[in-house]
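Novice: A predicted structure for the sequence below; I have some questions about it.
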Amino acid sequence: MDTSRVSQGQMIAAASGVVLIISLFLKWKGLDVPGGSSISGWKSEDSLDIYLLILGLIAIVPVAMGGNDDLPYLTTESKVLTSVIGLVMMIFVLLFHGDGISLKFGFWLGLLATLGIVIGQFQAMNARVAPRTSRRDDDRFE
């Protein structure tokens, strides 16, 4: 994989996407009473977990595609869209907790990972990456 075609912002977003997916398996909320139960991001009653999984995958895909010259690279418009989706997901994550329920480590990690995706995508919008060179261009200099 050629990481020269991937911006630092995309790398930040992809790493945050991995952390976001991992955070879904951790405890997100629970009761602070003896014998109180906790639930992970996957076991909640709403569909937020699926949307966060999709957001994490959307952040990972550009870096996975970055080393393959046969696949198209994402445009600035798609980075803007991912940033907007990330901001919306941050709002949903903040609204996720209920009254009388304490927030666990997975919740805060998921919130920070979502913020990392947004920051990474904003940074990727302004980044310049190395231009793609063909094999013939490389042969001229040898």
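Specialist: Noted; the coordinates are in hand. Numbers count the residues shown, from 1 in each chain.

Novice: which helix in this protein has the most residues?
Specialist: helix 105-126 (DSSP state H).

Novice: and it, what does it pack against?
Specialist: Helices and strands touching helix 105-126, by 3 or more Cβ pairs under 8 Å, 6 or more residues apart in numbering; DSSP states H and E, are helix 8-23, strand 27-30, helix 48-65, helix 76-94. All C-beta spots, glycine's among them, are computed from the backbone N, C-alpha and C.

Novice: okay, now the nearest residue to L55 once chain neighbours are set aside: neighbour count?
Specialist: Among residues not flanking L55 along the chain, M89 sits closest, at 5.2 Å (Cβ to Cβ, 6 or more residues apart in numbering). Using other Cβ atoms under 10 Å, M89 has 23 neighbouring residues.

Novice: quick one: residues contacting M89.
Specialist: Counting by Cβ atoms under 8 Å, 6 or more residues apart in numbering, M89 touches Y51, L52, L55, T114.

Novice: neighbours around the third one, how many?
Specialist: L55 has 25 neighbours, counted by other Cβ under 10 Å.

Novice: wait, it touches L20, no?
Specialist: Yes: using Cβ atoms under 8 Å as the test, L55 is close enough to L20 to be in contact (6.7 Å).

Novice: who touches both of those two?
Specialist: The contact lists of L55 and L20 share T114, I117, where a contact means Cβ under 8 Å, 6+ apart.

Novice: buried stuff in the longest helix of the chain?
Specialist: Residues 106-107, 109-125 are the ones in helix 105-126 that count as buried (16 or more other Cβ atoms under 10 Å).

Novice: average pLDDT for it?
Specialist: Averaged across helix 105-126, the pLDDT comes to 88.

Novice: cool, stretch 11-18 as well?
Specialist: Mean predicted confidence for stretch 11-18 is 91.

Novice: what do you get for stretch 78-92?
Specialist: In this model, stretch 78-92 has an average pLDDT of 83.

Novice: same question for stretch 65-75.
Specialist: 55.

Novice: can you check stretch 22-32 too?
Specialist: 81.

Novice: hang on, I39 packs against K27?
Specialist: Yes: using Cβ under 8 Å, I39 is in contact with K27, at 7.1 Å.
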